[in-house]
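# coordinates only, no sequence provided:
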């Protein structure tokens with residue numbers, strides 16, 4: 001997968017006006033980033049993690065697990081497309097548009113060789129600054145998750161399971177044994 005930064009787009013409005021081309025477009029603090037379709041391994045890990053997270057979140061109707069493409073605006077010059085994310089919703093009044101979603105409780109990026117530097121650098125800083133409660137960087141090669149919170153300067157490294165408490169009285173536990181496949 002090749003990822004490139006291009007320059008003609010500098011605002012969210014310009015980004016949203018682009019014609020559909022099958023690629024993911026993000027604006028990272030005013031920098032337009034384009035990511036082509038992910039590789040098979042990336043999608044396999046994503047689907048396994050999503051399945052585990054869906055099972056763990058299912059008893060909590062206020063939590064919703066979603067995937068990109070999604071236009072998550074985290075600032076006037078920042079629109080991200082996290083691989084996987086969790087938002088809090090009101091089941092009586094679910095969001096109708098991405099602008100209704102707000103800041104995710106959890107953002108997850110699955111590393112690829114071409115995205116690792118951006119996921120660990122610019123996107124991590126953006127998620128932390130925006131107040132995303134947890135940011136998970138999933139490393140399929142190392143078979144681990146780096147967990148970041150807004151105040152962290154170093155990640156917590158998780159290899160067996162992730163225990164996440166998105167709100168008082170809610171505990172979500174995800175075992176990682178099947179997430180990375182064989």
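The structure has been received and is ready for your questions. It should be emphasised that the depicted structure is a prediction, and the values quoted were computed from it without experimental measurement.
# if I look at residue 113, how far off is residue 123?
16 Å (C-beta to C-beta, to the nearest Å). For every residue, glycine as well, the C-beta is placed using N, CA and C.
# looking at those two, which is more packed in?
Of the pair residue 113 and residue 123, residue 123 is the one with more neighbours under other C-beta atoms under 10 Å, namely 23 against 11.
# wait, a helix at that one?
Yes: Residue 123 forms part of a helix when assessed by DSSP: H, G, I helix; E, B strand; the rest coil.
# and the nearest residue to it once chain neighbours are set aside, how far from residue 70?
Of all residues not flanking residue 123 in the chain, residue 109 sits nearest, at 6.3 Å (C-beta to C-beta, 6 or more residues apart in numbering). Distance from residue 109 to residue 70, counting by C-beta to C-beta: 13 Å.
# who touches both of the two?
Taking C-beta atoms under 8 Å, 6 or more residues apart in numbering as the criterion, residue 109 and residue 70 both touch residue 82.
# comparing those two, which residue is more hemmed in?
Taking other C-beta under 10 Å, residue 109 and residue 70 do not tie; residue 109 has more neighbours (28 against 17).
# ok, and what's touching stretch 125-137?
Under C-beta under 8 Å, 6+ apart, the answer for stretch 125-137 is 28-29, 74-75, 78, 80, 103-109, 111, 119-120, 123-124, 145-152, 155, 162, 164, 166.
# these in helices, which ones?
119, 120, 123, 124 (DSSP state H).
# distance to residue 99 added to these, as a markdown table?
Shown next, in a markdown table, are the ones in helices among the contacts of stretch 125-137 (distance: C-beta to C-beta, whole Å):
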| residue | distance to residue 99 |
| --- | --- |
| 119 | 24 |
| 120 | 28 |
| 123 | 20 |
| 124 | 24 |
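# out of the residues you listed, which is nearest to residue 40?
Of all those, residue 40 sits closest to residue 119, with 18.4 Å by C-beta to C-beta.
# quick check: closest non-adjacent residue to that closest one.
residue 109 (4.3 Å).
# and the one you found, what pLDDT?
Residue 109 is assigned 97 on the pLDDT scale.
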